[in-house]
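Peer 1: Structure for this input, please:
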Amino acid sequence: MAGYNALPLELLAEEFAKLPGIGLKTAQRLAYFMISRPEEEVQAFADAMIAAKRDIHYCPCCQNLTDQDLCAICSDPDRDQATICVVEGPKDVSALERTGEYRGVYHVLHGLISPIDGVTPDKLRIRELLGRIRSGDVKEVIMATNPTVEGDATAMYLAQLLEPLGIRVSRLAFGLPVGGTLEYADEVTLYKALENRTAM
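Peer 2: Purely as a prediction, here's the structure:
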């Protein structure tokens with residue numbers, strides 16, 4: 001750690017090192033890169049960070065990130081408001097949108113239930129999801145959390161909460177990736193592929 005009289009370069013490297021997935025060596029490389037750029041480029045970079053922090057907020061409906069009053073998906077009249085796809089984070093929305101196939105709306109939890117990490121249901125955006133369902137005409141909720149212990153636990157918890165509301169709750173199918181081969185698939189993937197098989 002840099003001391004009181006640390007050079008600006010060391011302080012900059014320390015700030016980069018606070019980013020997820022950035023180690024000390026990478027942070028130093030980024031710091032050296034930034035000071036090698038023209039001042040106007042560095043200023044544009046700083047302005048972009050400040051603008052993002054200032055202008056981006058949670059959509060009051062789906063909890064996704066947006067710079068509008070309501071995000072583009074929630075405000076799109078062509079989206080099916082009766083189908084809500086529940087995801088862990090904003091990156092999952094982007095991944096599903098890239099398929100171009102899903103025409104419903106989303107709800108972003110901003111995490112998964114994980115008692116060992118101190119993440120309990122009250123720390124997720126579950127209350128907002130229940131509010132949407134109770135005040136709207138929702139017919140189906142799709143659980144699109146990852147097939148992990150935390151993802152499965154969160155999906156099961158939500159399914160139990162929604163059961164008394166009489167709404168169809170479904171889960172994304174998991175199995176073999178397109179182009180994959182049985183030889184290299186692990187046992188859990190093969191089991192899920194068998195479990196989620198469909199008629200031909």
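Peer 1: CA only for contacts and neighbour counts going forward, please
Peer 2: OK.
Peer 1: Helices along the protein, start to end?
Peer 2: Ranges of helices in the chain, per DSSP state H, are 8-17, 24-36, 39-55, 90-99, 126-135, 149-162, 187-195.
Peer 1: Quick check, central residue of the protein?
Peer 2: Central residue of the chain (C-alpha atoms, centre = their mean): Gly89, 1.5 Å from the mean position.
Peer 1: Skip the chain neighbours and tell me the closest residue to it.
Peer 2: In space, Gly89 comes closest to His110 once its chain neighbours are excluded; the distance is 4.9 Å by C-alpha to C-alpha, 6 or more residues apart in numbering.
Peer 1: Hmm, that neighbour is touching Pro121, no?
Peer 2: No - if you go by C-alpha atoms under 8 Å, His110 and Pro121 don't touch, sitting 10.9 Å apart.
Peer 1: about what we covered before: could you save the helices of the chain as JSON lines and add columns showing mean neighbour count?
Peer 2: Output for the helices of the chain, formatted as JSON lines (neighbours: other C-alpha atoms under 10 Å):
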{"stretch": "helix 8-17", "mean neighbour count": "17"}
{"stretch": "helix 24-36", "mean neighbour count": "15"}
{"stretch": "helix 39-55", "mean neighbour count": "11"}
{"stretch": "helix 90-99", "mean neighbour count": "13"}
{"stretch": "helix 126-135", "mean neighbour count": "15"}
{"stretch": "helix 149-162", "mean neighbour count": "17"}
{"stretch": "helix 187-195", "mean neighbour count": "14"}
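Peer 1: could I get those helices as JSON lines with distance to Thr66?
Peer 2: Putting those into JSON lines (distance: least, C-alpha to C-alpha, whole Å) gives the following:
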{"stretch": "helix 8-17", "distance to Thr66": "25"}
{"stretch": "helix 24-36", "distance to Thr66": "28"}
{"stretch": "helix 39-55", "distance to Thr66": "8"}
{"stretch": "helix 90-99", "distance to Thr66": "10"}
{"stretch": "helix 126-135", "distance to Thr66": "17"}
{"stretch": "helix 149-162", "distance to Thr66": "24"}
{"stretch": "helix 187-195", "distance to Thr66": "35"}
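Peer 1: Can you tell me which of those helices is nearest to Cys61?
Peer 2: Proximity to Cys61 (C-alpha to C-alpha) singles out helix 126-135 among the helices of the chain, at 7.4 Å.
Peer 1: Averaged pLDDT, the closest one. What do you get?
Peer 2: Computed over helix 126-135, the mean pLDDT rounds to 93.
Peer 1: OK, contacts around Arg132?
Peer 2: By C-alpha atoms under 8 Å, 6 or more residues apart in numbering, the contact list for Arg132 reads Cys61.
Peer 1: ok, it to Glu183 distance?
Peer 2: For Arg132, the distance to Glu183 equals 44 Å [C-alpha to C-alpha, to the nearest Å].
Peer 1: Okay, now the unreliable bits of this structure?
Peer 2: For the chain, the stretches flagged by pLDDT under 70 are 1-6, 176, 178, 180-182, 198-200.
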